[in-house]
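Colleague: just need the structure, nothing else, for what follows:
(2 chains)
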Amino acid sequence: MRQHASYWAFVVHRVSGIALALFLPFHFWALGNAMQLENFLHWTQQPLVKLGEWLIVVALAAHLGGGLRVLALEFLPWRDWQKSLAAAAAAFALAVGLAFALAL
Amino acid sequence: MTFRGEARLWIAQRASAAVLAACVAVHLVTIVYAVRSGLTAAEILGRTRGSVAWFAFYSLFVLAVTVHAPIGLRSVLNEWLGWRGRSRDFALLLFAAFLGWIGMRAVLGVFA
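Modeller: Below you'll find the predicted structure:
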């Protein structure tokens, strides 16, 4: 069971979702203080913060990919494609992660 | 919660997911585009200040996430922490209210 692609798709979707839910209040809080935004962006230049940003962007892409996988499984007659969908979700998250890393 | 209530939450989760799929795709493209030449407050606010289109987009984004995140956490709290019942749902309602408030505060912060 634990070696099944669907199991890992489930774990990644859940962990990325929890990370995003915890991250969002901080994200909103920082944006709500628009007057101090420049100071905040200066703070985000630190390597560890950049790593955190990269992880959260990958989590967002992974959660989107995993969510599209769930929607496809539930609403489309694609049950035989479970592994392909999981792979597509992983590939999408990786592609966004690379694009973001190159742009950073 | 009644079966009917659970069914409504399931629909709300899928409907908000469909909205979020579009919003997150736009958000990811914006992120990668925006960081290319380094993020500055002037650049971000230059894009969002007074823009009704971005205001409407981010308001919809915040509304969808306010629905989606608490319902998602509901399953996590149930399955991984064994927390169910009214106390959990009340806590999640508070979380949703907080997320909606701080989210719209952010939207207004970059618009006004």
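
Colleague: relative to chain A, how far out is the residue lying farthest from the centre of chain B?
Modeller: Note on chain B: the largest separation between a C-alpha and the mean C-alpha position, by Cα atoms, centre = their mean, falls on residue B:37 (26.9 Å). Look at residue B:37 and chain A: by Cβ to the nearest Cβ, to the nearest Å, they are 9 Å apart. All C-beta spots, glycine's among them, are computed from the backbone N, C-alpha and C.

Colleague: residue B:81 now?
Modeller: The gap separating residue B:81 from chain A is 11 Å, by Cβ to the nearest Cβ.

Colleague: and the gap between the residue most central in space within chain B and residue A:77?
Modeller: Per Cα atoms, centre = their mean, the C-alpha nearest to the average position across chain B is that of residue B:65, at 1.9 Å. According to Cβ to Cβ, to the nearest Å, residue B:65 and residue A:77 sit 29 Å apart.

Colleague: same check, this time on residue A:10
Modeller: For residue A:10, the distance to residue A:77 under the criterion Cβ to Cβ works out to 21 Å.

Colleague: those two: who's more crowded?
Modeller: Neighbour count, other Cβ atoms under 10 Å in any protein chain shown: between residue A:10 and residue A:77, residue A:10 has more, with 15 against 8.

Colleague: and the pLDDT for the more buried one?
Modeller: Residue A:10 carries a pLDDT score of 94 in this model.

Colleague: so where's chain A shaky on pLDDT?
Modeller: A:1-3, A:78-79 (pLDDT under 70).

Colleague: which bits of chain A sit near chain B?
Modeller: A:14, A:17-18, A:20-21, A:24-25, A:27-34, A:37-38, A:41, A:44, A:57, A:60-61, A:63-64, A:67-68, A:70-71, A:74, A:96, A:99-100, A:103-104 (Cβ under 8 Å from any Cβ of the partner chain).
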